[in-house]
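Undergrad: Give me the fold of what follows.
(one chain, ligands or ions: 1)
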Amino acid sequence: MLSALRSLLLLVALASSAFAEEAQTAISTKQVENLSHQVNSGISAAIRFMRISLKPRLDGKIVLIDAGHGGQDAGACRLGIREKDITLRLAKQLKQVFEERGATVYLTRHTDKDLELEQICQIVDKIKPHVFLSLHVNSSPGQETKVSGLQTFFRTDHSRMLAHTVHSSVVGRGICEDRRVFSGHLWVLRSPTVPSLLIESGYINCRFDRKRLLDSRYRLKLCDGIADGVTLYWQKKGFLRKKRP
Ligand SMILES: [Zn+2]
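TA: Numbering: from 1, shown residues only. Have a look, this model is predicted:
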């Protein structure tokens, strides 16, 4: 009986020491994972910093970004996902991307609030940006669709080149379907002096687009494409100072 008890105690002791060893291994594995995550993010940040430092600087340029819809106006919705939330996230990310390159950036809204179209136009008139970008999410007829991709709109001729350059810059990366550039009488693009465009960044009723628009890494690719397009437009127009050798 005593020897059985001794064996049992021995077994318990062995089991707990094995458990402790395993727990220790688990903790150190977690620590290694954390460390490797930190190293990886550090490396990605360094690579991003190097890539940005090779891009033309946009100091002195003013960009106004409109996060489409807001407040009572949710825009297009599907399965609880609302256009107004995606456009705000996209606008904030795009602001950061332009700022990394030296531009001064304004947003028409920073929070979930309503803005009348007329108010947006007044902001455009007041700020007089070098470009105005209105961000939206598309929706096609029917509940769920396979139609996917980017569509760009401009209203007046002085915005045509901006619209085509930005659109080509994004779709040229092969990250989304090309749903073409259109001219349309969109009120928000009515400024006669500020080159303005409206980007429909994907379809909310397409599962593929919806999923990626919720992914900040995809949105960053979209933002890089838009910022590269605007930069190229300014270069074509001769609006950017050449880098000193
Ligand atoms: Zn919209």
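
Undergrad: Show me where this protein has its helices.
TA: With DSSP state H as the criterion, the chain has helices at 2-53, 83-100, 117-127, 160-171, 207-213, 216-237.

Undergrad: can I see the domain layout of the protein?
TA: The chain breaks down into these structural domains: 2-51, 58-236 (assignment by automatic domain parsing).

Undergrad: hey, which of these is tucked in deepest?
TA: For the domains of the chain, ranked by mean neighbour count under the definition mean count of other CB atoms under 10 Å, the leader is domain 58-236 at a mean of 18. C-beta: built from backbone N, CA, C; applies to glycine.

Undergrad: average pLDDT across that domain?
TA: If you average the pLDDT over domain 58-236, you get 97.

Undergrad: from the chain, which residue is nearest to the ion?
TA: H136 (3.5 Å; CB to the ion).

Undergrad: Give me the phi and psi for the residue nearest to that residue when sequence neighbours are not counted.
TA: What sits nearest to H136 in space, not counting adjacent residues and going by CB to CB, 6 or more residues apart in numbering, is G68, at 4.0 Å. Dihedral angles of G68 (phi, psi; degrees, to the nearest 10) stand at phi -50, psi 140.

Undergrad: Am I right that G68 is in contact with N138?
TA: No - under the criterion of CB atoms under 8 Å, G68 is not in contact with N138, lying 10.6 Å apart.

Undergrad: can you list the residues of the protein near the ion?
TA: Proximity of the chain to the ion, by CB under 5 Å from the ion, involves residues 68, 75, 136.

Undergrad: List the contacts of the last one.
TA: Read it as H136. H136 sits next to 68-69, 75, 83, 87, 198-201 when contact means CB atoms under 8 Å, 6 or more residues apart in numbering.

Undergrad: Which of the residues you listed sits closest to Q143?
TA: The nearest member of the contacts of H136 to Q143, counting by CB to CB, is E83 at 15.5 Å.

Undergrad: what sits against the residue nearest to that closest one when sequence neighbours are not counted?
TA: With CB to CB, 6+ apart as the criterion, E83 has its nearest non-adjacent residue at 2.9 Å, and that residue is G75. With CB under 8 Å, 6+ apart as the criterion, the residues that contact G75 are 68-69, 82-84, 87, 136-137.

Undergrad: Same question for D73.
TA: Contacts for D73 (CB under 8 Å, 6+ apart) come out as 84, 114.

Undergrad: Who is it paired with across the strands?
TA: For D73, the beta-bridge partners are G70 (DSSP bridges).

Undergrad: My read is that I65 contacts T108, right?
TA: Yes - here I65 lies in contact with T108, judged by CB under 8 Å, at a distance of 7.2 Å.

Undergrad: In this protein, which residue is most central in space?
TA: Nearest to the mean C-alpha position of the chain, counting by CA atoms, centre = their mean, stands R219 at 2.9 Å.

Undergrad: Next up, the contacts around it.
TA: Taking CB under 8 Å, 6+ apart as the contact definition, R219 lies against 89-90, 93, 213.

Undergrad: run the last query once more with 6 Å
TA: For R219, the set of contacting residues under the criterion of CB atoms under 6 Å, 6 or more residues apart in numbering consists of 90, 93.

Undergrad: Roughly how far does it sit from H164?
TA: 22 Å (CB to CB, to the nearest Å).

Undergrad: ok so, going back, identify the bridge partners of the residue of the chain closest to the ion.
TA: Beta-bridge partners recorded for H136 (DSSP bridges): E200.
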